[in-house]
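In: sequence and predicted structure, then a few things I'm wondering about:
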Amino acid sequence: MRSLFCASVLGVAISMALLSSGCSSTSDPGSGDTGNAGADTGLGGRDTGVPSVDTGVPGIDTGVPPVDTGVPPIDGGSDAGSDGGSDAGHSTMTCTQAGQVDCGAGCTTLRTDPANCGMCGHACTGGMVCTNNSCAPACGTGQMNCSGACVFLQTDDANCGGCNMPCTGRTTCQGGMCRCAAGTLCGGSCVNTDTDPMFCGNCSTMCASGSFCVGGHCQPTCGAPRTTCGTTCVNTQIDPNNCGSCGHACGDGMCVAGVCQCNTPGGMMCTGTAAVCTNTRLDHDHCGSCTNACSATQFCGDGACHP
């Protein structure tokens, strides 16, 4: 029975221990009868303990699969940064225009973008267009389909008067034409001909180096209530580019008594990296308030973020 006991034990450590006690390496593992009946009956208690040792071995084998299944998460994580939709390799852009959000390829308007309609990644298919954050078979009344985006040509700054006709230089689309909310349009930009030495009094007069433009006239010095901001004489009480102090711009708003205010009724002036006059009921980046921004998968409606 000693040979039977040795053959039944599968663990290497137990076999070595038994070998040191004199187990024969030539014993027949299939033979349960050594001819010594007395020895067989004396080891009956040990025989019943052998199955416990055998069942312990499968437990070691079944421990391997959990290690194998741990590999995919490691491989999946290595793709971060190469995947266009992964946040690991994408640096979020701060959008300055009202109603826009960065969806990975730059700032876009979720209300009209057919590739990101209502939320980033939600594309309109089958010839559908994007209007008011939803995919629709056709544009609404008064709107024009510009590359899948439903826009109002009379007021859309990116499609002013026609598709792909953007307004630049601080101009806005008014009545289908790019106009200055304040100042005069000179060389494609809105300027203040009262203070701009490059366009002093009109679009063709430039002051000499070292002189200033005061009230539309070139002068050697600034006079009260104006002050010098760089090379320009400005009135910080009314100048939208230097409102209250040099360099404090009001964005698309206006400067009243040294404070930035919105040009349009009901708008709210939000300041941060750039001042912007916006409608907080619809603005993705200023939803409900100037400091509340919706996530990339949400849109702003009635001053609240919605999935």
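Out: Here it is on my side, so go on. Numbers count the residues shown, from 1 in each chain.
In: which regions of this structure sit below the pLDDT cut-off?
Out: 1-93, 265-266, 272-274 (pLDDT under 70).
In: does residue 145 touch residue 129 like I think?
Out: Yes: between residue 145 and residue 129 there is a contact under Cβ atoms under 8 Å: 5.5 Å. (Glycine included, C-beta is placed from N, CA and C.)
In: anything in contact with each of those two?
Out: 138, 139 (Cβ atoms under 8 Å, 6 or more residues apart in numbering).
In: higher neighbour count, the two?
Out: Comparing residue 145 with residue 129 by other Cβ atoms under 10 Å, the one with more neighbours is residue 129, at 22 against 16.
In: what bridges to that one?
Out: For residue 129, the beta-bridge partners under DSSP bridges are residue 136.
In: doesn't residue 146 make contact with it?
Out: No: with contacts counted by Cβ under 8 Å, residue 129 stays clear of residue 146, the gap being 9.3 Å.
In: quick check: neighbours shared by those two?
Out: Between them, residue 129 and residue 146 share no contacting residue, judged by Cβ under 8 Å, 6+ apart.
In: against residue 127, how distant is the residue nearest to residue 248 when sequence neighbours are not counted?
Out: In space, and not counting its chain neighbours, residue 248 is closest to residue 242: 6.3 Å by Cβ to Cβ, 6 or more residues apart in numbering. Here residue 242 is placed at a distance of 49 Å from residue 127 (Cβ to Cβ, to the nearest Å).
In: name the residue in those two with the higher neighbour count.
Out: Taking other Cβ under 10 Å, residue 242 and residue 127 do not tie; residue 242 has more neighbours (23 against 10).
In: which residues does the more buried one contact?
Out: 229, 234, 236, 248, 249.
In: tell me which element the residue nearest to residue 218 when sequence neighbours are not counted falls in.
Out: Leaving aside its sequence neighbours, residue 218 sits nearest to residue 207 (Cβ to Cβ, 6+ apart; 3.8 Å). Per DSSP states H and E: residue 207 is located in neither a helix nor a strand.
In: which ones among the contacts of residue 242 map onto strands?
Out: Of the contacts of residue 242, the ones assigned to strands by DSSP state E are 229, 234.
In: mind giving me the PyMOL select for the contacts of residue 242, buried ones only?
Out: Buried residues within those, by 16 or more other Cβ atoms under 10 Å, are selected in PyMOL with:
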select buried, resi 229+234+236+248+249
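In: out of the contacts of residue 242, which one sits closest to residue 138?
Out: Checking the contacts of residue 242 against residue 138 by Cβ to Cβ gives residue 249 as the nearest, at 40.0 Å.
In: and that closest one, how far from residue 224?
Out: Counting by Cβ to Cβ - residue 249 and residue 224 are separated by 23 Å.
In: who are the contact partners of the residue lying closest to residue 305 once chain neighbours are set aside?
Out: Distances taken as Cβ to Cβ, 6+ apart put residue 294 closest to residue 305, at 3.8 Å, once the chain neighbours are dropped. Residue 294 makes contacts with 101, 284, 285, 287, 300, 305, as judged by Cβ under 8 Å, 6+ apart.
In: just give me the neighbour total for the second one.
Out: A count of nearby residues for residue 284, using other Cβ under 10 Å, gives 24.
In: still on that earlier bit, tell me which helix or strand the residue nearest to residue 305 sits in.
Out: Going by DSSP H and E, residue 294 is not in any helix or strand.
In: that older thread, which strand or helix spans the residue nearest to residue 248?
Out: Using DSSP H and E, no helix or strand contains residue 242.
In: then residue 178?
Out: Using DSSP H and E, residue 178 falls in strand 177-180.
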